[in-house]
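> predicted model and sequence below, questions to follow.
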Amino acid sequence: MSAEQRMRRDMSLVDEIQLVSVRIEGQLIGLPITSVRDVFSITAMTPVPKADRAVAGLVNLRGHIVTILDLGYLLNSRRAERQSAQEPMAVGVEWQGEVFGLVVDEIGDVLSLTGDSSEPMPANMGTNWARFTRRVHKLERELMIEIDLHALLETMSLQAA
Amino acid sequence: MDDLLKDFVVETSEHLDIVDAELVRFERDPNNSATLALIFRLVHTIKGTCGFLGLPRLEHLAHAGEDVISGFRDGKPVTAPAVTMILKTIDRIKGIIAELERSGSEPEGDDEDLVEALRALANEPAGAPALAAALAPAATIESKGNLSFQILERSLREDEVTLDELERAFRDAPGPETVPFVEPERVAPPPAPLAEVPKETPRKEKKAAPKAEPKAEHDGGEGQASNENSVSKQSVRVAVGTLDRLMTMVSELVLTRNQLLEIARQRDDADFKSPLQRLSHITAELQDGVMQTRMQPIGSAWTKLSRVVRDLSEELGKKIELIQSGAETEIDRQLLEMIKDPLLHMVRNAADHGLEMPDERVSAGKPAHGTIHLRAAQESGYIIVEVSDDGRGIDVERVKAKVLRNGLSSESDLARMSDEQVLRFVMEPGFSTAAAVTNISGRGVGLDVVRSHVEQVGGIVDLRSRAGRGLTVTIKLPLTLAIASALIVEASGQRFAIPQISVAELVRTQESGEVRIETLNGQATLRLRQRLLPVVDVAEVLNLPRQSDSMGMDSRADDRLVVVCHVGGHRFGIIVDSILHTEEIVVKPISSKLRHMSVYSGATILGDGSVILILEPAGVARSVMESGTRDTAAQSEADLAAELMASAERSLLLLFRAGGTNLKAIPLAFIGRLEEFEHAKIEDTGGRSVVQYQGRLMPILGYQPQGGFDLEARQPVLVFHQQDREIGMAVDEIVDVVEVSIQIDTSHATPGTVGATIIDGKAVEIVDVSELVAPDGQEKPAADEQVDVMVIESSEFFRALFAPLLQNAGYRIAVLPSLQAARLAMARQKPAVVVLDLDQPGEEGFAFVRELAEDGTSPPVIGLVSRAGPRLIEKGKVAGLYDLVGKFDRQGLMSSVGDVLGGYSTSQWGAAA
C-alpha cells in the first residue's frame, strides 16, 4: 500500500467523525464522542489549593471523586473569570482508568462531520493549540477545533510531574 | 495445574516456612522433642505427598533431609552444620516448589550434591545408633512416636486419625526409602537421571492421607498456630481477591451509610431514623467482621525472620538472639504484605550493622550475644511494631557530620535539632546512597525504603537510638488501609481531613495564656508547656484567601486552634480556623494530576457528599521547613563562619528587661515556667509579694506594685523551681529566647549577676540565679563538712549554675575552682562523686581522672563538657570516667549524679551522646 493510499484510507476512516460540540471561552470546540462518558453539572466543587491552575477542583460524581480540569487555562494563557450565573457544566472523559471532568461554558449538539470540511490547524496558532488540537472543522457559521484529548491529558501529567 | 498439585504447593510452602522457623528454634533447644517431632512430621509429610504426586526430585531431597532429622531423634548431637545443611535442603525444596507453582512440573536438574552431603551427615558415626537409625527409621519411629508427639489436645473426632497412624500409613507404603543407600561412597557423582527413582503412579487409596493432614489456619495464612491447633474443619480457604473485593464493598457501604446518617441528621423523620440506626449498626459490625477475615497474626511475617537471623548470625559470626513478643497481634493482611520487606530490612540492619562482634560487645561490658527484639502490639487503634537491638546504636555526631557534608541541612539548624530529629536524616533518601552510608555506623541502608513503604500505607517510622546501647525502630500503622479515622478541620472556609494517626493533641491558643503563638525571626512558633514548636498556618501554606471577616487574624492573634502533629520525631503545629469533628473516612487515592503534591495524601467523600482533601501533615510541614532551610542556606558566609566559631558553648538564654532598660539574661534551663499574673492577684504579705499559684502561695521577687490605675494589666513572672516549691521573679518584659555561645566576662560581675556577655552587639547581664534557686538562708557548705558532690569548675559562670542546682536536689556540695584546690580538698574530704569540668585545654583534667581511677577508693568522676563528641566519650571512657555530661544538660547531670549516689554502679555511657 502506498503512502498515498494509506492516507486516503485514514481520511476515509475519520470521515464520519462524531464530535460533541462545546463552547469554551467563546470558542467552539469538538470532543470525539467516543471519549466522552457523560455530561454533568458541577455542584459543590472542592478547590485544590496550590494545584496546577488547570485543575479546577474535585467533585463527587455519584460516589466517585472526579478531577475537574479547566480547558480554558490550557488553551489560553490568559483568561477572564467566568461570570455565568448558572452552574457550570462539565464533560466527563476517561483517561487511563481515571475520570476527568472538563469545564465547559455551553454544550451543544453532537455533530457528524466528514473529513472534507476539515483542515489542519493554521500554523500561526499558539504552541498549546498546536499540541492539543487535531484540526479545524469549517462549519457553516464558524470554525470548530477538534481536540486531541489524549495529547491534552498526557501533556498535563507531564507538566504536573 | 490440577487442584491436587495446587493444594500441595500451598500446603507445602506453609509447612516449609514452619519447618524453617522450628529448626532455628530446635537448634537452640535440641532437647525439645515436641519441636523435633513437628519438624519430622512436616518433612515426612512433604516426602510422602511428593511420593504419590510423582515428584521424584522433591521426594528424594525430602527423604535425605528426613534421614538427618531422624538421626536427631535417635539422639545424635544437633550441630550447626547439620542444621545449616537441612535449611539448605529446604531452600532447594522451596526453589523447586516455586518452579512447580509456575510451570506445573518439577524443574530439570538434580540434587545429588545436597543428597550426598545429607547422607554423609546421616551416616556420620555419632554414637552407635546413628547409622542403624538411618537405615531402619521405621522401627524407631513407631516406638518413639508414642513417647514424643502422641499428645492429643482433645479426643479425636470420628473421621480423624492420630498422627501415629498416619506415620504408620506412610511407613507401610512402599516407597523409595531403600534406594538412596546403595552407593554411599560415591564422590561427585555425574548428574543422576531422575528416572532412577521409581515412583510415578500416585496410589489412589493413599490420597486420603495428606488430606487428613492438619491444615491449620484460615485465609491462606501460615503461622506458628499450626504448632498447636490441628484439625481444620472450622476453617476454609478463601481466595484473597474475594476478601479484598468484600472489603472494597464494605468501604463503599460505610460511605453510603455516612451519607444517609448525614441526611437523617438534617431531617427529623422518626420512621426513617430507627431502621437507619439499625443499618448503621449492622454496617459497623459487617465492617468489623470483614476486617477480621483480613486479619492475620503478625507472627506469620516473623517466622521467616528467625531463619534470616540465624543465617546472618552464621554469616557474620555474631551471636544473635531473636526475641519475639506480641506475635499474635493481628494485622490487616494487606498491611502485613506491605511491611514484610521493611521488617526484613530492619532486622537485617540490626543484625548486620547494629550489633557488634562478640568480643567488641564483651569489652563494652555487654553480653556476648546480641539481642534483637521484635515487638508488636495494638495500641489505641494502631498497630505498633518495633525492632530493637542492643547494639551500638547510631552515632548522632556522625549523622550530623554527614548531613552537613551532603548539604541536607545547615549547621545552625542542626544545632537546634533534637537528637531524634537528627536521626531522622538517616531515613532521608539522600542518605542511603552507596558506600558513604556505611560511615554512619552502617545504618541507613534501605531505611529510606522502609520509611517510604511505611508512609505509603499511612504509617509512621520512628528511630530511637541510645549510643552504645542500641537502636529501636518503631513503626506505627493504621489498623487497616481502607478506612481511617480523620479529624475534619476548616481553614479559610475550606474543609480538610487530617489523619488521626499523626495528631498528637489539639490546643487553643490565647494571646496571654500559657499556650500562645509567638513569632521568632518572622516564623510563628507555638509555646506549649515550655517547648517551642514550629507552627504552620494551613491557609498560608495553601495560599488560601483570607476571609474578610477574619480581619486582623494574623499569626499573633488570640484564640487560634492548633493541631499538634507528631510525625516521625518532628512535632509541629498546624493552625486551622476550626475543628469540626472526627469521621471515619474511606481514603481514595488522589488524581494522577495531583499526585506530585506532597501536601495531600488523598481525598475522600464526607457524609454530606462533599469531597475533601486529606492533608499529609508531614508534607505540610515539609513545605514550610524546607523553605526555612533554604533561607538559612542563603545566609551570608560570614554568618556561617561565625556560627562555626561559636558552636563551642551554646546555650539558650531567656532575654528580659527588669528594672532598667538594659537586657538581662538567664539560661533557659533554669527557668521552670513563664507565667503572667494580673496585678490585682499579687498580694502583699508582710512586705513580701506573693501570688496564689497552683493552690499555694508563691513569693515574687523584685515586684514593684503598680499604681491603682491598671489592675487589669498583667505582670510577667519567671518561675523557678526550688526543691519543693516555686519562687517567682517579676520582670518588666520578656524579650526573646536566643541561642548563643556564652563567653562571659566575669570581671564585670556585680551583686546579683555573674557577669555580662554580648548578644547581638548589646551587652547583656547574666543574672545570678543561685540566690533565686538556692534555698533561703542556706549558706555555702563549710569546707570540711562531709560532702556528697565535689564540683571542680574553672568558670565562674558555671560554678554559679551548678552549685544551686545540686544544692536544690539536696546534696551537700563543695565547689572548687581548680584542680589544685581540688587536690588539697580531697585530702580532707571524701566526696561521693566528683563533677569535673573537662573543657580546659590540655590533658590535665583527664590526668586527674586517671589519677582518681587508679586509686581504687576514689569517688567516681562525672565529666562535664560543652559538647560530648564520640572521640571525647571514648577518651573519657579510657581514662575511667563514670559518665560524660553536656554542660547544659541539666537533666543528664542530675540523673548521673543521682545514679552514683543512689548506689547504682552500672556505667551510664551514652547518656551524654
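Great, that's in hand.
> shaky segments in chain A?
A:1-15, A:74-86, A:125-129, A:156-161 (pLDDT under 70).
> quick one: residue B:592 and residue A:96 touch, right?
Yes. Contact status for residue B:592 versus residue A:96: in contact at 7.2 Å, counting by C-beta atoms under 8 Å. Heads up, the C-betas are built off the backbone N, CA and C, glycines and all.
> higher neighbour count, these two?
Each of residue B:592 and residue A:96 has its neighbours counted (other C-beta atoms under 10 Å in any protein chain shown); residue B:592 has more, 18 against 10.
> tell me the pLDDT at the more buried one?
Looking at residue B:592, its pLDDT reads 75.
> next: the one 3 residues further on.
With respect to pLDDT, residue B:595 scores 73.
> check the gap between it and chain A for me.
As judged by C-beta to the nearest C-beta, to the nearest Å, residue B:595 and chain A stand 8 Å apart.
> before we move on, what SS does that residue have?
Recorded secondary structure, residue B:595: coil (DSSP: H, G, I helix; E, B strand; the rest coil).
> burial of it, as a residue count?
Neighbours of residue B:595 using other C-beta under 10 Å come to 14.
> tell me the phi and psi of it?
phi -70, psi -20 (degrees, to the nearest 10).
> next to chain B, which bits of chain A? Give me the list.
Contact residues, chain A versus chain B (C-beta under 8 Å from any C-beta of the partner chain): A:44, A:46-52, A:55, A:58-60, A:63, A:65, A:67, A:69, A:96, A:98, A:100, A:156-157, A:160-161.
> in ChimeraX, select just the buried ones from these.
Selecting only the buried entries of the residues of chain A next to chain B in ChimeraX, with 16 or more other C-beta atoms under 10 Å in any protein chain shown as the criterion:
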select /A:46,48,49,51,52,55,58,59,60,65,67,69,98,100,156,160
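> now do the helices in chain A.
All helices of chain A, identified by DSSP state H, fall at A:3-13, A:71-75, A:127-132, A:149-160.
> mind listing what's buried in the helix or strand containing residue B:119?
If you go by DSSP states H and E, residue B:119 is part of helix B:112-123. Within helix B:112-123, the residues that count as buried by 16+ other C-beta under 10 Å are B:112, B:114-119, B:121-123.
> okay, and which of the residues of chain A next to chain B map to strands?
Per DSSP state E, strands hold the following members of the residues of chain A next to chain B: A:55, A:58-60, A:65, A:67, A:69, A:98, A:100.
> can you list those residues in CSV and add distance to residue B:666?
Compiled in CSV, these are given as follows (distance: C-beta to C-beta, whole Å):
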residue, distance to residue B:666
A:55, 52
A:58, 52
A:59, 57
A:60, 57
A:65, 55
A:67, 55
A:69, 58
A:98, 60
A:100, 61
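> chain B against chain A: which residues are in contact?
B:252, B:255-256, B:494, B:541-544, B:588, B:591-597, B:599-600, B:603-605, B:609-613.
> buried among those? Make that a PyMOL selection.
To isolate the buried ones among these in PyMOL, judged by 16+ other C-beta under 10 Å, type:
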select buried, chain B and resi 255+494+541+542+544+588+591+592+593+594+597+599+600+603+604+605+609+610+611+612+613
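> in strands only, show me the residues of chain B next to chain A.
B:494, B:600, B:603-605, B:611-613.
> sheet partners, orientation included, of the host helix or strand of residue B:765?
Using DSSP H and E, the element containing residue B:765 is strand B:762-767. According to DSSP bridges, strand B:762-767 forms sheet pairs with strand B:663-667 (parallel), strand B:753-759 (antiparallel).
> pLDDT averaged over the shortest one - what is it?
Read that as strand B:663-667. 79.
> which SSE is immediately downstream of it?
strand B:673-678.
> show me what the following helix or strand past that following strand is packed against.
Scanning forward in sequence from strand B:673-678 by DSSP H and E, the next helix or strand is strand B:683-685. For strand B:683-685, the packing partners by 3 or more C-beta pairs under 8 Å, 6 or more residues apart in numbering or on different chains; DSSP states H and E come out as strand B:688-693.
> now for the strand it packs on, which elements pack on it?
strand B:673-678, strand B:683-685, strand B:696-701, strand B:725-730.
> closest to residue B:830 out of these?
Ranking the helices and strands packed on strand B:688-693 by proximity to residue B:830 (C-beta to C-beta) places strand B:725-730 first, at 31.8 Å.
> could you check the angle that closest one makes with strand B:696-701?
40 degrees (axes from the mean of the first three to the mean of the last three C-alpha atoms, to 10 degrees).
> now strand B:725-730: mean pLDDT?
In this model, strand B:725-730 has a mean pLDDT of 78.
> so what strands line up beside it?
strand B:696-701 (parallel), strand B:714-722 (antiparallel).
> that older thread, can you list the strands paired with strand B:762-767 in TSV and add mean neighbour count?
Formatted as TSV, those follow (neighbours: other C-beta atoms under 10 Å in any protein chain shown):
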stretch	mean neighbour count
strand B:663-667	21
strand B:753-759	19
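> adding distance to residue B:330, write these out as JSON lines.
Listed next are the strands paired with strand B:762-767 as JSON lines, based on distance: least, C-beta to C-beta, whole Å:
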{"stretch": "strand B:663-667", "distance to residue B:330": "50"}
{"stretch": "strand B:753-759", "distance to residue B:330": "57"}
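> who's the nearest residue to residue B:388 once chain neighbours are set aside bridged to?
Using C-beta to C-beta, 6 or more residues apart in numbering or on different chains and skipping the chain neighbours, the partner closest in space to residue B:388 is residue B:472 (3.8 Å). Residue B:472 has the following beta-bridge partners by DSSP bridges: residue B:388, residue B:464.
> which residues of the stretch 251-400 of chain B score low on pLDDT?
For the stretch 251-400 of chain B, the ranges with pLDDT under 70 are B:380-381.
> all strands of it, in order?
B:295-297, B:320-325, B:330-332, B:370-379, B:382-389 (DSSP state E, counting those that start in this stretch).
> hang on, the earlier thing: could you dump the buried residues of helix B:112-123 into JSON lines and include pLDDT?
Output for these, formatted as JSON lines (pLDDT from 0 to 100):
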{"residue": "B:112", "pLDDT": "78"}
{"residue": "B:114", "pLDDT": "79"}
{"residue": "B:115", "pLDDT": "80"}
{"residue": "B:116", "pLDDT": "81"}
{"residue": "B:117", "pLDDT": "80"}
{"residue": "B:118", "pLDDT": "79"}
{"residue": "B:119", "pLDDT": "79"}
{"residue": "B:121", "pLDDT": "77"}
{"residue": "B:122", "pLDDT": "75"}
{"residue": "B:123", "pLDDT": "74"}
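> between these, which is nearest residue A:30?
residue B:114 (69.6 Å).
> the closest one contacts residue B:60, doesn't it?
No. Here residue B:114 does not reach residue B:60: they are 9.4 Å apart, not a contact under C-beta under 8 Å.
> how about the helices in the stretch 301-450 of chain B?
In the stretch 301-450 of chain B, the segments counted as helices under DSSP state H, counting those that start in this stretch are B:333-349, B:358-363, B:396-405, B:411-416, B:419-424, B:447-456.
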